[in-house]
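Asker: I'll drop the sequence and a predicted model, then ask my questions.
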Amino acid sequence: MSTETDGQGRLYIPKEVREKYGQKYHLVMYEDRIELIPVADDPLAAVREAAGDLRDAPVEDIRGDIEEAALVDAREEDADR
């Protein structure tokens, strides 16, 4: 999908995109491109939803799960070599 800015620099975002991702975006600039990152209407609620069951888990349990997953990934990479 492509789009253009108008004479005042405004960018038209098609209705179907706005309906799917919302009205607010962060503009991220890279050396060779830009990206529009959708911003949730309630960012804190979005983080809570993404956290799911982790929200009530102790930090030590989360850290242990992360370390265990990292070890599994490392072993898989070693096996692939």
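Answerer: Great, that's in hand. Just so it is clear, the structure is predicted and the values come from calculations on it, not from any experiment.

Asker: doesn't Ala40 fall inside a helix?
Answerer: No - read with DSSP: H, G, I helix; E, B strand; the rest coil, Ala40 is coil and lies in no helix.

Asker: roughly how far apart are the closest residue to it other than its chain neighbours and Ile66?
Answerer: The shortest distance from Ala40 to any non-neighbouring residue, by CB to CB, 6 or more residues apart in numbering, is to Ala46 (3.7 Å). Placement of C-beta: from N, CA and C, glycine included. Shown here: Ala46 relative to Ile66, a distance of 21 Å by CB to CB, to the nearest Å.

Asker: Below-threshold pLDDT in this protein: ranges please.
Answerer: Scanning the chain for pLDDT under 70 picks out 55.

Asker: got the buried residues for the longest helix belonging to it?
Answerer: Once the chain is assigned using DSSP state H, the helix that runs over the most residues is helix 59-80. Using 16 or more other CB atoms under 10 Å as the test for burial, helix 59-80 gives no buried residues.

Asker: Got the domain ranges for this structure?
Answerer: Segmentation of the chain into domains, based on automatic domain parsing, reads 1-39, 43-80.

Asker: Let's see the distance spanning the longest one from one end to the other.
Answerer: Counting by CA to CA, to the nearest Å, you get 20 Å between the two ends of domain 1-39.
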